[in-house]
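J.: what follows is a protein structure lacking sequence information:
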């Protein structure tokens, strides 16, 4: 490794240490609430003292910015790792991957699905839902629509984490076009033309109808680390 690479690793390790020390010694929400109270009626000098005493320093800010810059693609790493460790569990004897899997972020028209084999197509949604998941709901429905539009006859699967994505797809009374509200005009047009010409179909109706053949599979059974 070059000196530059070594220095980068050392700097990142130092930044992690600073950030870890701060987060490990206090409950963040309660700590920030205390700082907020101390700052009421504070002068410039007093505000500086409060910040310093509470650990909210220039060093902490630089460390947090450094860590965020370095791990900004952590979701991509999680997505790629989850697909990679799942493959040995789902590929059947003789089944072969026929197209480059889509392990990272970004749209590639030559790779419409996260996984394509000679027997199946699959999409992976690795996010762990928390309850208020509007963007995640739209994302999982969009992937369901993409899978339903495929005419290859291959087995279609949607891998998710937890019970909430499947519950949303099977019970939601939200309109399908609402769920596609942030998708491209092209996918909305294809959905309307093929499945919902009157723009009345709900998410649950689509899941039970045009998408009934798509398996929605909880990844926690295959990848315990996601539980």
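T.: In hand now; what should we look at? Worth saying up front: this structure is predicted, and the values here are computed from it rather than measured.

J.: phi first, then psi, for the spatially closest residue to residue 25 that is not a sequence neighbour.
T.: Counting by Cβ to Cβ, 6 or more residues apart in numbering, residue 55 is the residue found nearest to residue 25 once chain neighbours are left out, at 8.0 Å. The C-beta positions use only the backbone N, C-alpha and C, and glycine is treated the same way. Backbone dihedrals for residue 55, given as degrees, to the nearest 10, come out at phi 90, psi 0.

J.: quick one: residue 55 from residue 65, how far?
T.: As judged by Cβ to Cβ, to the nearest Å, residue 55 and residue 65 stand 16 Å apart.

J.: more neighbours: the two, which one.
T.: Shown here are residue 55 and residue 65; by other Cβ atoms under 10 Å, residue 55 has more neighbours (16 against 11).

J.: ok now do residue 128, which residues does it touch?
T.: Residue 128 is in contact with 161, 162, 226, counting by Cβ atoms under 8 Å, 6 or more residues apart in numbering.

J.: give me phi/psi at the last one?
T.: Read it as residue 226. phi -90, psi -10.

J.: pull the number of nearby residues for it.
T.: Around residue 226 there are 19 other residues, counting by other Cβ under 10 Å.

J.: who are the contact partners of it?
T.: Shown in contact with residue 226 (Cβ under 8 Å, 6+ apart): 82, 126, 128, 161, 219, 220.

J.: please list all residues in contact with the residue nearest to residue 25.
T.: By Cβ under 8 Å, 6+ apart, the neighbours of residue 55 are 22, 25, 26.

J.: one more time with 10 Å, if that's ok
T.: Shown in contact with residue 55 (Cβ atoms under 10 Å, 6 or more residues apart in numbering): 18, 21, 22, 23, 25, 26, 31, 35.

J.: next, the buried residues of the longest helix seen in the chain.
T.: Selection of the longest helix in the chain by residue count, based on DSSP state H, yields helix 3-24. Residues of helix 3-24 classed as buried by neighbour count (16 or more other Cβ atoms under 10 Å): 12, 15, 18, 19, 22.
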